[in-house]
Structures are given as C-alpha cells and as structure tokens.
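> Here is a sequence together with a model predicted from it:
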Amino acid sequence: MHRVSNLFFRLLKLAVVPAIIGFLQVGMAQNTTPSQDIGHPGEPAQQHTSKELPAPPVQPLAAPETTSRSETDSSTLVLGPGDEVEVTVYGAPDLSGHTRVSPDGNISMPLIGYVRVVGLSSSEAEAAIEAQLRQNNILNDPQVSIYAKEYTSSGISVAGEVAKPGFYSSLGPHRLFDVLQAAGGPTDKAANKVMITHRDQKDATTLDISKDPAEMAASNVPLQPGDTVVVPKAGIVYVLGEVTRPGGYVLNSTGGITVLQVVAVAGGPTHIASAGKTRLLRRTENGFQEQRIDLKKLLRGKAHDVSVRNEDILFIPSSAVKTALNASALVGVAASTAIYRIP
C-alpha cells in the first residue's frame with residue numbers, strides 16, 4: 001500500500017510540473033507582444049505584424065522651365081566672318097584647334113575640309129560639324145564643343161556724339177545705357193535723343209533721353225547683337241563777343257529758344273558791349289545771311305524777340321573796338337569756343 005501511494009505522487013508531479021511550465025511560457029509570450037500589432041477586432045495579430053506602411057511616392061525633379069539669363073542671351077549670338085572660335089572634338093585632339101571664320105562664312109577642319117557656320121549659333125555649329133564627321137565616317141559618335149572667344153561680327157556699333165565711338169562686344173546682357181557708358185558717354189554736343197537700328201532693318205527707332213528718372217528707366221532698352229546706336233548732334237547756337245560767358249549753347253529737345261533766352265543763359269552783355277549793334281548770322285544754302293538786332297531794345301521790351309536756330313551765331317560787339325569781325329572770322333571763333341548745355 002505504501003508503495004502504491006509513492007507511485008501515485010510521482011505520477012502527479014510529472015503531470016503538474018509540465019503544466020506549470022506551460023502556463024509560465026504563455027504568460028511571458030503575451031507580455032512580450034508589441035503594442036503596434038493591435039489591429040481591428042477580429043483580425044489575427046500576425047497579419048498586423050507583417051504589414052508595413054507604403055513608402056511615399058518619389059516625385060521626379062521638375063526640369064527648369066527656363067534657362068538662365070546668360071544662356072538665353074548667348075543663344076542669340078551667331079557666328080560671322082572674323083569670329084574667333086576654339087573647336088574641341090573629344091577623344092580626337094588632332095581634329096581640335098583654334099580658328100577664325102573665313103570671310104565667306106566657313107571654318108576649315110582636318111579630314112572634313114570646310115564647314116559653313118556663318119549665321120549659326122555655337123550649338124548649331126557643333127551639330128553641323130558632328131554631322132560632317134559622321135557623314136565622312138571619321139567618328140561614329142562625335143562629341144564637338146565650340147567656344148567663341150570673340151564675336152567680331154555680332155557686336156554693337158556706337159557712333160555719333162559719344163566720347164569713344166566704335167564697335168563693342170555684345171557678350172552677355174546689354175542695355176542702352178551700358179553701351180553708352182562703355183563708349184564714354186555722350187559729348188557736350190550730343191542731343192537728348194538716341195537712334196537705334198536693328199540688324200536687317202532700315203528704319204531706326206528714336207528714343208528721347210529725359211532727365212526724369214522714370215522716363216530714363218523706360219528709355220534704357222535692351223540691345224541685340226548687330227544693333228547700331230547713333231547719338232545725333234544737337235542744335236547749337238553760338239553767342240560770341242561781349243557777354244559774360246561766350247560759347248556754344250546746346251538747344252533743348254524742343255528747339256524753341258530766342259535771342260533773349262540765349263543771351264540770358266550766357267550771362268547777359270558786359271558793361272562795354274554795344275548791344276544796339278548785335279548781329280545774327282544764319283547759315284543758308286548761299287552762305288551766311290546777316291541780320292541786325294537791336295539787343296538794347298529787346299532788353300527794354302521795345303522790340304519783338306527773335307527766334308534762333310541751329311548753328312546761328314549771335315555776335316555782340318564791343319563799344320571800344322571799332323573794327324567788326326566778318327562772317328569767316330566769327331565761324332572760326334565759334335569752332336574753338338566752349339560748349340554749354342542750356343538747363
């Protein structure tokens with residue numbers, strides 16, 4: 001009987017101990033379950049542990065809508081006779097070199113001869129050379145680069161009343177005032193206007209240069225390669241003889257000025273002036289025409305004022321000098337006198 005009891009207790013231990021261990025394992029497994037696996041009611045937990053959030057779609061980088069300003073400006077430049085270029089054929093240094101566009105608009109290259117590039121941009125000339133290299137079976141996939149060192153045919157010409165008239169490069173963006181400043185600015189004899197002629201156009205565009213800041217900004221127009229800028233000479237009236245400041249006076253844009261106005265700008269007659277013997281010389285097709293003006297009566301309001309024109313010479317003699325200067329002598333004096341602008 002004692003042996004049977006011992007055997008029963010041994011069997012009970014073998015059954016209870018594995019059960020306790022099983023309960024402990026289940027409890028540990030539940031405590032270690034991650035919180036993010038909780039899903040909707042009724043869904044197995046394993047489905048949530050295997051799910052991953054979808055990655056956001058990768059948006060391709062948008063290509064720039066417009067090129068930079070320098071690229072846009074340089075694309076308007078075309079090659080012409082006399083332009084200096086550097087041609088580079090990648091992988092073929094024997095085909096590369098420095099050259100100039102010939103007067104007939106071609107450049108010479110080894111193995112392919114002459115390639116016409118006049119009127120083409122740098123990128124278009126590169127494509128023309130690449131086509132010749134493929135056509136002549138010299139290179140299967142040629143890569144050509146052209147760098148224009150000097151655009152001698154695509155500059156901007158500046159002429160007329162500027163300090164340094166000449167031909168100026170049009171590389172990069174240029175506006176009217178930039179080019180005028182490069183040419184040294186207008187001279188004292190320049191009119192308050194500018195004439196601009198575009199390439200392949202006969203009619204010129206005339207712009208009035210005002211002193212008003214807003215109107216000046218509107219006049220500062222962009223220029224194109226091949227443009228010609230002409231600053232015309234303004235009308236000048238010369239006041240010589242016995243005035244405080246003798247010289248040439250640039251007429252304003254309207255051109256309306258009288259004897260009294262120009263004499264006032266010149267400082268008025270001196271104390272030894274013979275105002276009653278004032279002479280007005282006007283250039284005509286038949287030479288100079290002389291007109292007597294009694295400046296003394298004009299100053300006193302006893303005579304009608306007289307309008308003056310471009311290249312008129314107003315001479316106020318001295319009462320102390322009896323010899324009067326002739327027209328030729330007055331023209332010589334006017335040519336060497338100082339120039340002033342009428343405010």
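Okay, I see it.

> Could you list the low-pLDDT ranges of the chain?
Where the chain drops to pLDDT under 70, the residues are 1-76, 150-154, 170-173, 252-255, 322-323, 343.

> how many neighbours does residue 87 have?
20 (other Cβ atoms under 10 Å). In this view, the C-beta of every residue, glycine as well, is placed from N, C-alpha and C.

> wait, it sits on residue 144?
Yes: judged on Cβ atoms under 8 Å, residue 87 makes contact with residue 144 at a distance of 6.9 Å.

> okay, and the common contacts of these two?
The contact sets of residue 87 and residue 144 overlap at residue 129 (Cβ atoms under 8 Å, 6 or more residues apart in numbering).

> Would you mind measuring from residue 226 to residue 199?
Counting by Cβ to Cβ, to the nearest Å, the gap from residue 226 to residue 199 is 3 Å.

> Please say which of these two ends up with more neighbours.
Neighbours were counted for residue 226 and for residue 199 using other Cβ under 10 Å; residue 226 has more, 21 against 11.

> which SS state does the more buried one fall under?
Recorded secondary structure, residue 226: coil (DSSP: H, G, I helix; E, B strand; the rest coil).

> Next: residue 249.
Recorded secondary structure, residue 249: strand (three-state DSSP).

> who touches it in this structure?
Contacts here follow Cβ under 8 Å, 6+ apart; on that basis residue 249 touches 236-239, 262, 265-266, 339-342.

> Pull out the buried members of those.
236-239, 262, 265-266, 340-342 (16 or more other Cβ atoms under 10 Å).

> Could you export those residues as CSV, including distance to residue 180 and secondary structure?
CSV is the format used below for these (distance: Cβ to Cβ, whole Å; DSSP: H, G, I helix; E, B strand; the rest coil):
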residue, distance to residue 180, secondary structure
236, 20, strand
237, 25, strand
238, 26, strand
239, 29, strand
262, 28, helix
265, 26, helix
266, 29, coil
340, 21, strand
341, 16, strand
342, 21, coil
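
> Mind putting those into JSON lines with distance to residue 97?
Formatted as JSON lines, the buried ones among the contacts of residue 249 follow (distance: Cβ to Cβ, whole Å):
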{"residue": "236", "distance to residue 97": "54"}
{"residue": "237", "distance to residue 97": "60"}
{"residue": "238", "distance to residue 97": "59"}
{"residue": "239", "distance to residue 97": "63"}
{"residue": "262", "distance to residue 97": "63"}
{"residue": "265", "distance to residue 97": "63"}
{"residue": "266", "distance to residue 97": "64"}
{"residue": "340", "distance to residue 97": "56"}
{"residue": "341", "distance to residue 97": "53"}
{"residue": "342", "distance to residue 97": "58"}
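
> From those, pick the one nearest residue 311.
The nearest member of the buried ones among the contacts of residue 249 to residue 311, counting by Cβ to Cβ, is residue 236 at 6.5 Å.

> give me the beta-bridge partners of the closest one?
Applying DSSP bridges to residue 236 gives these bridge partners: residue 250.

> Who are the contact partners of it?
189, 248-251, 310-311, 339.
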